[in-house]
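Asker: how would this look folded up:
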Amino acid sequence: MESPMTNQKQPDHLALTAQLELVAAAEPVDGKPALPRFSMVAYTGGAMKVEGWRFPVVVDLSGLAIPSQARPIRFGHDAASGVGHTDSIRVDGGQLLATGVVSRGTPAAQEVVHSARNGFPWQASIGAGVEQFEFIKDGQAVTVNGRAFEGPINVVRRATLGEISFVDLGADGNTSASVAAKAKENMNMDGTDTSTATGTTIEGTETPAGAAGKETPVTPPIKAAAVTAADTGITADPVADMRVRAAAEQERISAVRKICGDEYADIAAKAIKDGWDATRTELEVLRASRPKVVPAVHAPETAVTSTVLEAACMMTAGLSNLDSQYEEKSLDLAAKRFRGGISLQELLLEAAWANGYTGRNFRNAREAMRFAFAADIRAEGVSTVDIGGILSNVANKFLLDGFFSVERTWRNICAVRNVNDFKTVTSYRLIGTDQYEPVAPGGELKHGTLGSESYTNKADTFGLMLSVDRRDIINDDLGAITTVPRKLGRGSGLKINDVFWTTFLANSSFFTAGNKNYITGADTALTIDGMTKAEQTFMDQVDSDGKPIGLMPAIMLVPTALSALGTQLFKALEIRDNTSGKGAYPTNNPHTGKYRVEVSRYLANAKYTGNSAKAWYLLAEPGDLPMIEVAFLNGQESPTIETAAADFDTLGIQMRGYHDFGCSLQDPRSAIKAKGEA
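Answerer: Numbering: from 1, shown residues only. Take a look at the predicted model:
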């Protein structure tokens, strides 16, 4: 299943190994033969290497569901090899503890009992269904079961305990134990010990002290008669029989390990677990050593998911910084599975196969497309690949790339408002008698009077639909799903500029002599003197009571023709003056560093009413007093893109982009316009 935190395919079963303790019952109960009992540390809360997981795994015991106290006890996770059942399972001190009885009469139960009597170091392995896990990346840390762990590591946040099994070999092949010492549990990838577990006690014998000098926990004294031949149905000389069987098993294991060596440790582990003889093991090693044309697919390590396909698309498109956007595992799988880059047909086929499509190629393009996009024909009602989500996520990256590729001067000179719908919204700017008054001896404060000035704005929807048509799909061009959204993004960026500057330049009734925010004449050209005049005009503005507004200009907005001069006025300490007729001489620049320069190519463009190559502006910071405001629906400042299969009469993929925003002029006292000429 997929974790909602990582959106990746994961193993749905977990087998974790620990040590256990097997003892016999002290007394018969109600005249019935006493059953051997066991106690175990089924899991110590540490990190373990588990088959099917690339990085170590730690189970969060706070999220482990225990359906009942009576869980089946098996041998090697084999349902046909029952051993007994638990009567107590609990989490204590960050460990999973279990006790129970050997209640089955199977050969497996007899094997467990007699091997334990001979001192065999059985281990315990829990079988749990994984429901949710979290991947902790390299360099990050997490605390689980009261212990700190460093990434990379997988944390199983939710799981359900199924059964517990006796096993003779841990998952990593390095676990060991003896009657006289503590046993190591699984190891981390760096070889460090993660936990310890108890030794073994049988027939009233007590485990000696552990290697660290601590006494291993044991049960109360047990009578040797608690486990007898009559109780278990064992032959006359079970000890001799067990010795023969143990010797044969040791020879088999030695032969398997010799054949496999270090190169085929996974085959060795399976051979030992499943009881393969030397011939069967050698055959499997020969098969594994054959040259491979393509890598073998072993779920979940090479399982193709939406995240893997999305990463493959991004890699094929040549985007950078993917490490910060995708988990290393997904990037590795994408690189291995699609070495030459993924094509558009491959992408659609992967989605179609996940939804039940049985064709092996794209010859029946319409049927493959139907399965790729149809939600009502998913195989068994579940799909691991969401083609709509993949296309939308990929397209969104290139949509934003196109959106930010056009001029964005508008964003530096406007105020931004969030609106919840498309209705006209009104904002109020409070003015009036707001100065402090003397406080009377009694301490009573006088009430000020507040008036209000209101300004409106309204968001509208702007959008466009483009298609990846049949030719692009047949040509197998993945670039089509990057080119189209880039165009949609650029179109959105151009539209918001068009709406913004159309509103901004339609300012003949906004900048007027009556509003005292418009200056004309030859002395308003962008020079030191012109800047001084505009600055004075701005600072001489008053409120409705005739008092100074107390606001300073902060932005110099100029057309492209005045860009160099504006930058010079902002940065230069001196400016050469050639107007005197006596040769050039330097003039100190009193406006150095005062007003940051913003340049827009729209100000002088002939397509916009009110354009001028000589007019320029002084603006207040929009956060203090805005001249113009842009409203975005729900605060969404960038456009949205959606993808879907084309209509029935069109074979292709439709992409639509839309953006909800609106622009409106605000307070006339926030800016000064200089005509720049007579």
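
Asker: List the contacts of the residue nearest to Leu619 when sequence neighbours are not counted.
Answerer: Among residues not flanking Leu619 along the chain, Ile555 sits closest, at 4.2 Å (CB to CB, 6 or more residues apart in numbering). Backbone N, C-alpha and C define where each C-beta goes, glycine included. Going by CB atoms under 8 Å, 6 or more residues apart in numbering, Ile555 touches 412-413, 595-596, 598, 617-621.

Asker: Tell me which two in these are the farthest apart.
Answerer: Greatest spacing in the contacts of Ile555, by CB to CB: Asn412 and Leu618 (14.4 Å).

Asker: Look at the two and report which has more neighbours.
Answerer: Of the pair Asn412 and Leu618, Leu618 is the one with more neighbours under other CB atoms under 10 Å, namely 25 against 13.

Asker: which residues touch that one?
Answerer: The neighbourhood of Leu618, defined by CB under 8 Å, 6+ apart, consists of 534-535, 538, 553, 555-557, 595, 671-672, 674.

Asker: same deal with Thr461?
Answerer: 422, 658-660.

Asker: How about Ala604?
Answerer: 559-561, 611-613.

Asker: can you put the residues you listed in CSV and add neighbour count, secondary structure and pLDDT?
Answerer: Shown next, in CSV, are those (neighbours: other CB atoms under 10 Å; DSSP: H, G, I helix; E, B strand; the rest coil; pLDDT from 0 to 100):
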residue, neighbour count, secondary structure, pLDDT
Pro559, 23, strand, 97
Thr560, 14, helix, 97
Ala561, 17, helix, 96
Asn611, 15, coil, 96
Ser612, 16, coil, 96
Ala613, 16, coil, 97
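
Asker: can you put those residues in JSON lines and add distance to Lys329?
Answerer: JSON lines is the format used below for those (distance: CB to CB, whole Å):
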{"residue": "Pro559", "distance to Lys329": "52"}
{"residue": "Thr560", "distance to Lys329": "49"}
{"residue": "Ala561", "distance to Lys329": "55"}
{"residue": "Asn611", "distance to Lys329": "55"}
{"residue": "Ser612", "distance to Lys329": "58"}
{"residue": "Ala613", "distance to Lys329": "57"}
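
Asker: List just the nearest of these to Arg245.
Answerer: Among those, Thr560 lies closest to Arg245 (CB to CB), at 92.1 Å.

Asker: Do I have it right that that closest one meets Val597?
Answerer: No. Contact criterion CB atoms under 8 Å: Thr560 and Val597 do not qualify, at 11.7 Å.

Asker: Just the helices from the stretch 1-150 of the chain, written as ranges.
Answerer: Per DSSP state H, counting those that start in this stretch, the stretch 1-150 of the chain carries helices over the ranges 107-117.

Asker: pLDDT at Asp332, what is it?
Answerer: Per-residue confidence for Asp332 comes out at a pLDDT of 86.

Asker: From the contact counts, what lies against whichever strand or helix holds it?
Answerer: Using DSSP states H and E, Asp332 sits within helix 328-337. Helix 328-337 sits against helix 306-317, with contacts defined as 3 or more CB pairs under 8 Å, 6 or more residues apart in numbering; DSSP states H and E.

Asker: now the angle from the helix it packs on to helix 328-337?
Answerer: Angle of helix 306-317 versus helix 328-337, following axes from the mean of the first three to the mean of the last three CA atoms, to 10 degrees, is 60 degrees.

Asker: could you say what helices and strands helix 306-317 packs with?
Answerer: helix 328-337, helix 344-354, helix 387-403.

Asker: and if we set it to 10 Å?
Answerer: Helix 306-317 is packed against helix 328-337, helix 344-354, helix 387-403, helix 480-505, with contacts defined by 3 or more CB pairs under 10 Å, 6 or more residues apart in numbering; DSSP states H and E.

Asker: Pro622: neighbour count?
Answerer: For Pro622, the neighbour count with other CB under 10 Å is 21.

Asker: Please apply the same query to Asp545.
Answerer: Neighbourhood size, Asp545 [other CB under 10 Å]: 11.

Asker: What confidence value was assigned to it?
Answerer: In this model, Asp545 carries a pLDDT of 77.

Asker: Direction included, what does the helix or strand encompassing Ser664 pair up with?
Answerer: For Ser664, the host element (DSSP H and E) is strand 652-665. Under the criterion DSSP bridges, strand 652-665 sits next to strand 460-469 (antiparallel), strand 628-633 (antiparallel), strand 640-645 (antiparallel) in its sheet.

Asker: Select from the helices and strands packed on helix 306-317 the stretch with the lowest mean pLDDT.
Answerer: The stretch with the lowest mean pLDDT among the helices and strands packed on helix 306-317 is helix 387-403, at a mean of 78.

Asker: list the buried ones in that helix?
Answerer: 387-400, 402-403 (16 or more other CB atoms under 10 Å).

Asker: Look at Gly46 and report its pLDDT.
Answerer: You'll see Gly46 listed with a pLDDT of 85.

Asker: actually Leu22, sorry about that
Answerer: 56.

Asker: can you check Ala671 too?
Answerer: For Ala671, the model assigns a pLDDT of 96.

Asker: With Ile267 instead?
Answerer: On the pLDDT scale, Ile267 gets 90.

Asker: Can you give me every residue that contacts it?
Answerer: The contact partners of Ile267, by CB atoms under 10 Å, 6 or more residues apart in numbering, come to 256, 259-261, 276, 281-282, 284-285, 287-288.

Asker: Pick the one among those residues closest to Gly76.
Answerer: The nearest member of the contacts of Ile267 to Gly76, counting by CB to CB, is Trp276 at 13.5 Å.

Asker: List phi and psi for that closest one.
Answerer: Dihedral pair for Trp276: phi -70, psi 150, per degrees, to the nearest 10.

Asker: how many neighbours does the nearest residue to it once chain neighbours are set aside have?
Answerer: Among residues not flanking Trp276 along the chain, Val256 sits closest, at 6.8 Å (CB to CB, 6+ apart). Here the count is done by other CB under 10 Å, and Val256 has 24 residues near it.

Asker: For Val256, which residues are in contact?
Answerer: Val256 sits next to 264, 267-272, 275-278, 280-282, 285 when contact means CB under 10 Å, 6+ apart.

Asker: Same question for Ala674.
Answerer: Applying CB under 10 Å, 6+ apart, we find Ala674 in contact with 511, 518-521, 523-526, 530-531, 533-534, 537, 556, 558, 614-618.

Asker: helix or strand right after the helix or strand the residue nearest to Trp276 falls within?
Answerer: Per DSSP H and E: Val256 is located in helix 238-260. For helix 238-260, the succeeding helix or strand toward the C-terminus, using DSSP H and E, is helix 265-274.

Asker: Now do that next one and helix 238-260, the angle between them.
Answerer: Here helix 265-274 runs at an angle of 160 degrees relative to helix 238-260 (the same axes, to 10 degrees).

Asker: Can you give the distance of helix 265-274 from its chain's centre?
Answerer: Centroid separation for helix 265-274 versus its chain: 36 Å, with CA atoms, centre = their mean, to the nearest Å.

Asker: Mind exporting the C-alpha coordinates of it to CSV?
Answerer: Written as CSV, here are the backbone C-alpha positions of helix 265-274 (Å, rounded to 0.1, in the frame of the first residue of the first chain):
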residue,chain,number,x,y,z
ALA,A,265,23.6,-14.2,0.7
ASP,A,266,19.9,-13.7,-0.2
ILE,A,267,19.7,-17.2,-1.8
ALA,A,268,21.5,-18.7,1.2
ALA,A,269,19.0,-17.2,3.6
LYS,A,270,16.0,-18.5,1.6
ALA,A,271,17.6,-21.9,1.2
ILE,A,272,18.2,-22.3,4.9
LYS,A,273,14.7,-21.1,5.7
ASP,A,274,12.9,-23.3,3.2
